[in-house]
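[1] from the sequence below, what's the structure:
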Amino acid sequence: MRSLFVIFSILTLTRYANAQQSYEASLIPKELLPYASAVIRNQEINVEVKDLDNTLYHIKTAITVLNKNGENAAHIAVFYNKSNVIRNIKGVVYDEFGKQISKFTESDFTDQSAVHDFSLFEDTRVKHYIPPVTQYPYTIAYEYEVRRKQSLNFPDWQPNSSSVTAVENSSYTFTCKPDFNIRYKETNVPAKAEISTNAAGLKTYTWKAGNLKAMRPEPYSPNRENYMTEVKIAPQNFEYEDIKGSFTNWQELGKWEYDKLLLNRQYIPVETADHIKAITADIADPKLKAKKIYEYMQEKTHYISVQVGIGGYQPFLASDVDKLSYGDCKGLVNYTQALLKLVNIDSYYCIVEAGDRKVSMLSDFASMDQGDHVILCIPFKNDTTWLECTSQKIPFGFLGTFTDDRLVLACTKDGGKLMHTPKYDALTNLEERRANFTLSASGELMGDMTTTFKGTQYENRDYLLDESITEQNKIIQRVYNINNLTVQKLDLKQDKWPQPVTTENIQFKARDFGVDDNGKIHFALNPLNRAGAPPRDVRNRVNDVYINDGYTDEDEITYTLPAGYQASRIALNVSISKPFGKYTATTTVRDGKLIFKRRLQIIDGSYSKDLYPELVDFYQRVFDVDRYNATLTKEN
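    Numbering: from 1, shown residues only. Okay, here's the model as predicted:
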């Protein structure tokens, strides 16, 4: 699904060339230079809907690259296919003084398939050009047109789409016939749309922005959609790949998708249908039936990207997936939905914006470009279940961080409706570790530990499971980063039902773990789970604090101390509580054993920017305590 959206997003990143303007770098307003790696000197994006099946995009851009970090802004990439035709690409490159270095045309572009490494079928190609310039600053100015045979999707206007790019001038003009109705959503725009009628009697909507500064990177910032300038446009009536439709809300859009893209694509061959009924015949519980069918689908199929057909929006026929045993997210969801239907289990085909950062559908603005992935929802009574159909290993009813906690569009026979995927909170995302170590007088450490991972932390060891034992041992040594660590035994196990749990059991030893210092032994009290370096302190912060994922880590390490030694520098009793997190670390000594307990909980959510100094201090204190060194001395 993503390839179609990429076409639009690339368009919004393009900039324009104006032959009458001087592109001397020294003419850039000084206030636009802080934090900027590139500056958009001028940008004009013009979109004209000539007819429902004919939309023209005219792009002009001029952008000055200030340093190597701004190179991406100078990379021109224009995607095309049989429904999107590129015309009249041309441009000029200038040096820092505005003197022309070179010209380029379409013949200078590299033309290649846009097929991804994971894609089997994809009919989109890309022309791209990178100016062969290494002397900074320089300016690239260019223009081109793209004619698209559709009126369903339009590019978002994002003049400051990169935080390291400043904007001197940018404009977006949308032109259409008076009877072509649109809706638009403005976010953080400097000025509202200018709406007028041009000399040809066409309606025009124009947005302008200027003197937009680059933004200083701020740790723990919200998603860019919350603070960057953006305009989204959606049509009322449209045509797409010869299919007409209309919508003004999510219900109508979901209804069009169900009726035009999904309906009558779920025939399952008789042999498979009979098999599904047979393997579920003795299961009374509908949820267990669904689990059996889901696991059958996982064993039979594998994921591969498919971006052909109706703009990459329509799934493969279920019968084709059954025959070929592969499909993309759309095809595998449609196939699973068809299998469930055989045993009278209803489900919803759901479109979602996937990724570790949580991005929801806009509840007040429906448009076709707000999703890049498809998952399945089974609305059991009082027990809604969600399925990720592209993984052969993910547990039934588990989504993980790729699609959790966000609004998605469910396409049903009654129309579209927004639903919220499960939220895994800080207590659910639990890592529990229990370790029993023996420390010798020579400083050698040996023992075993068991760690369980639950909630989204269930996935923490997924990357290890397909590795050989030898490779697993090598990797786990880097995970725990204990000097001279030798893994004697490593066992990883995943239990998928009823609640996903990953269990890690390790036996190991490490020579010279404790350092002898004139009869004293010094060692790291917490060698297993240390917080990383705290975020940098940012004065005059602009953005609120945003924590995307919450979790809880609980560690308990019991050290059996060497005979004849006692703890002399151990006492530790730390407790920190903040709105965004809690941390405790304690030690106790009894019967020749030292017990260290640690608990760190991070609570996801949005917080006032005024709390950021406290967040930095919190992580600094956690960082310091996590590196606390214990000292043992010989008993008299």
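
[2] break the protein down into its domains, please.
    Split into domains by automatic domain parsing, the chain comes to 2-238, 260-420, 430-634.

[3] what about stretch 55-73, distance to the chain center?
    Centroid separation between stretch 55-73 and its chain, computed with C-alpha atoms, centre = their mean, to the nearest Å, is 24 Å.

[4] ignore the last one, stretch 429-444
    That offset, for stretch 429-444, works out to 35 Å (C-alpha atoms, centre = their mean).

[5] that older thread, may I see the domains of the chain organised as TSV, with distance to residue 252 added?
    Where you see a C-beta, it was placed from the backbone N, CA and C, and this is true even at glycine. Formatted as TSV, these follow (distance: least, C-beta to C-beta, whole Å):
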stretch	distance to residue 252
domain 2-238	9
domain 260-420	7
domain 430-634	31
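
[6] quick one: which of those is nearest residue 247?
    Closest to residue 247 of these is domain 260-420 (C-beta to C-beta; 6.2 Å).

[7] could I get the average pLDDT for the closest one?
    Mean pLDDT, computed over domain 260-420, is 95.

[8] also stretch 197-210?
    For stretch 197-210, the per-residue pLDDT averages 95.

[9] among the domains of the chain, which is nearest residue 254?
    Per C-beta to C-beta, nearest to residue 254 of the domains of the chain: domain 260-420, 1.6 Å.

[10] which of the domains of the chain has the lowest mean pLDDT?
    domain 2-238 (a mean of 88).

[11] distance from the chain centre to it, please.
    That offset, for domain 2-238, works out to 23 Å (C-alpha atoms, centre = their mean).

[12] stretch 579-586 too?
    The mean C-alpha position of stretch 579-586 is separated from the chain mean by 28 Å, C-alpha atoms, centre = their mean.

[13] buried stuff in it?
    Across stretch 579-586, burial judged by 16 or more other C-beta atoms under 10 Å covers 580-585.

[14] and what of stretch 483-497?
    485, 487, 490, 492, 494, 496.

[15] sorry, back to before: in strands only, show me the buried residues of stretch 579-586.
    581-585 (DSSP state E).

[16] how about stretch 208-228: buried residues?
    Within stretch 208-228, the residues scored as buried using 16+ other C-beta under 10 Å are 209-210, 212-215, 218-221, 224-225, 227-228.

[17] quick one: which helix or strand includes residue 357?
    Under the criterion DSSP states H and E, no helix or strand holds residue 357.

[18] phi, psi for it please.
    When quoted as degrees, to the nearest 10, the phi and psi of residue 357 stand at phi -80, psi 130.

[19] about what we covered before: same list (the ones in strands among the buried residues of stretch 579-586) but as CSV, adding distance to residue 615.
    Putting these into CSV (distance: C-beta to C-beta, whole Å) gives the following:
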residue, distance to residue 615
581, 8
582, 13
583, 12
584, 18
585, 18
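
[20] in helices, which of the buried residues of stretch 208-228 appear?
    Judged by DSSP state H, those include no members of helices.

[21] just these: which are in strands?
    Per DSSP E, the subset of those in strands is 209-210, 212.

[22] tell me the one of the residues you listed nearest residue 411?
    Checking these one by one against residue 411 (C-beta to C-beta), the nearest turns out to be residue 209, at 35.2 Å.

[23] and the closest one, how close does it get to residue 447?
    61 Å (C-beta to C-beta, to the nearest Å).

[24] for residue 175, same thing?
    Remark: distance between residue 175 and residue 447 (C-beta to C-beta) = 72 Å.

[25] try residue 632
    Residue 632 sits 16 Å away from residue 447, going by C-beta to C-beta.

[26] between these two, which is the more surrounded one?
    More crowded of residue 632 and residue 447, by other C-beta atoms under 10 Å: residue 632, with 24 against 18.

[27] so the more buried one sits against residue 520, correct?
    Yes: using C-beta atoms under 8 Å, residue 632 is in contact with residue 520, at 6.6 Å.

[28] so for the two, which residues contact both of them?
    Residues touching both residue 632 and residue 520 (C-beta atoms under 8 Å, 6 or more residues apart in numbering) are residue 568.

[29] ok, the closest residue to residue 565 other than its chain neighbours - contacts?
    Residue nearest to residue 565 in three dimensions, not counting chain neighbours: residue 632, with 4.3 Å by C-beta to C-beta, 6 or more residues apart in numbering. The neighbourhood of residue 632, defined by C-beta under 8 Å, 6+ apart, consists of 439, 514, 520-521, 523, 561-562, 565-568.

[30] wasn't residue 632 part of a strand?
    Yes: counting by DSSP: H, G, I helix; E, B strand; the rest coil, residue 632 is found in a strand.

[31] follow-up on the earlier one: export the buried residues of stretch 208-228 as TSV, with columns for distance to residue 501.
    Below are the buried residues of stretch 208-228 laid out as TSV (distance: C-beta to C-beta, whole Å):
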residue	distance to residue 501
209	50
210	55
212	48
213	48
214	45
215	41
218	36
219	32
220	29
221	33
224	35
225	35
227	38
228	40
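
[32] which one of these is nearest residue 548?
    residue 220 (8.8 Å).

[33] count of residues packed around the closest residue to that closest one other than its chain neighbours?
    Spatial nearest neighbour of residue 220, chain neighbours left out: residue 545 (4.9 Å); criterion: C-beta to C-beta, 6+ apart. Counted by other C-beta under 10 Å, the residues lying close to residue 545 total 23.

[34] just to revisit the earlier point, list the ones among the buried residues of stretch 483-497 that fall in strands.
    Among these, the ones falling in strands (DSSP E) are 485, 487, 490, 492, 494.

[35] so what's the last one bridging to?
    Pointing back at residue 494 there. residue 502 (DSSP bridges).

[36] run through the residues that contact it.
    Residue 494 neighbours (C-beta under 8 Å, 6+ apart): 458, 465, 500-503.

[37] hmm, which of those are the buried ones?
    Here, 16+ other C-beta under 10 Å leaves 458, 500-502 buried among these.

[38] any chance of those residues in CSV, plus distance to residue 303?
    Listed next are the buried ones among the contacts of residue 494 as CSV, based on distance: C-beta to C-beta, whole Å:
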residue, distance to residue 303
458, 20
500, 20
501, 24
502, 22
